[in-house]
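Generate a structure from the sequence data that follows.
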Amino acid sequence: FEQQIDLATGSLHGFEMLARWKHPEKGIVLPDEFIGVAEECGLIGDLSMSVMRQAFEEARGWDPSLTLSVNISPNQFKDPWLAQKIAKLLAETGFPADRLEVEITESSLFENLGLAQAIVSSLKNQGIRLALDDFGTGYSSLAHLRALPFDRIKIDRSFVRSINENGDSAAVVTAITRLADSLNLAVTAEGVEDEAIEARLRSIGTYSGQGWFFGKPMQVEEVRTLLAGKGLLPATRGLPAGKSGRTRKAASL
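Model prediction:
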């Protein structure tokens with residue numbers, strides 16, 4: 001789980017769920033090494049649903065202010081039953097639809113915009129929010145913002161990381177933030193890796209950020225400890241900051 005932070009207040013508002021393979025001999029295997037293989041073998045849909053099920057079952061007991069976001073593979077957008085599968089998963093796990101945000105990359109929309117619109121419409125009807133991921137790297141971003149009812153724009157990390165060294169990157173981030181404001185869309189900057197980047201984003205007015213500056217992606221046990229310390233688990237809510245003696249009990253929820 002990677003933290004998503006409100007840059008105006010510094011508060012935690014959610015997590016992006018990430019796939020990691022804990023191999024018995026190789027240790028942690030990153031998605032660059034296995035996602036492509038899963039797509040080629042036709043297993044990406046099952047893998048994605050497995051990741052979502054684990055995350056939903058864990059997060060349903062967290063504070064209701066916390067959201068989850070998940071990036072959907074372009075291959076999954078070829079499945080006309082995708083929205084129904086996600087709805088079934090939400091019903092089975094008891095995770096509220098309005099706490100889920102589905103992230104879509106532009107490459108998901110190229111082959112069949114009509115099917116993508118149908119899937120997106122069904123997801124929205126369930127109360128699920130939608131984000132356009134890696135914004136700024138695709139040539140038809142503006143057309144897709146007009147064609148699909150997105151709730152959030154995610155600024156690609158390539159612009160964010162170089163915002164203080166490259167004038168063009170700073171101009172792109174500023175322009176995307178202003179565009180999001182004008183369209184009444186939330187905006188999240190990916191790849192926030194140091195304090196200077198965070199300060200620059202806050203000065204521009206970017207709403208939300210995620211990246212290693214706020215902490216590396218965490219496994220479930222680490223998330224439970226973090227939330228317990230913030231009083232965002234049912235068994236620890238209301239306790240003074242740092243009083244997380246009931247973490248073990250909360251971890252069983």
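
Now do the contacts for residue 185.
Taking C-beta atoms under 8 Å, 6 or more residues apart in numbering, we find residue 185 in contact with 145, 150, 151, 152, 153. For glycine as for every other residue, the C-beta is placed from the backbone atoms N, C-alpha and C.

Among these, which lie within helices?
residue 145 (DSSP state H).

Pull out the buried residues from the contacts of residue 185.
Buried members of the contacts of residue 185, scored by 16 or more other C-beta atoms under 10 Å, are 145, 150, 152, 153.

what sits against the residue nearest to residue 161 when sequence neighbours are not counted?
With C-beta to C-beta, 6 or more residues apart in numbering as the criterion, residue 161 has its nearest non-adjacent residue at 4.7 Å, and that residue is residue 191. Going by C-beta under 8 Å, 6+ apart, residue 191 touches 156, 157, 158, 160, 161, 197, 211.

Verify the contact between the fifth one and residue 193 for me.
Yes. Taking C-beta atoms under 8 Å as the contact criterion, residue 161 and residue 193 are neighbours in contact, 6.2 Å apart.

Between the two, which is the more surrounded one?
Shown here are residue 161 and residue 193; by other C-beta atoms under 10 Å, residue 161 has more neighbours (19 against 14).

Give me the below-cutoff pLDDT ranges for the stretch 1-150 of the chain.
Where the stretch 1-150 of the chain drops to pLDDT under 70, the residues are 138-141.

Now, the contacts of residue 185 that are in strands?
152, 153 (DSSP state E).

Can you mark which positions in stretch 215-226 are buried?
Neighbour count says stretch 215-226 has 217, 218, 223, 224, 225, 226 buried, by 16+ other C-beta under 10 Å.

Name the nearest of those relative to residue 98.
Using C-beta to C-beta, residue 223 comes nearest to residue 98 of those, at 20.5 Å.

what are the ranges of the helices in the stretch 1-150 of the chain?
Secondary structure of the stretch 1-150 of the chain (DSSP state H, counting those that start in this stretch): helices located at 31-40, 44-59, 82-93, 113-125, 141-147.
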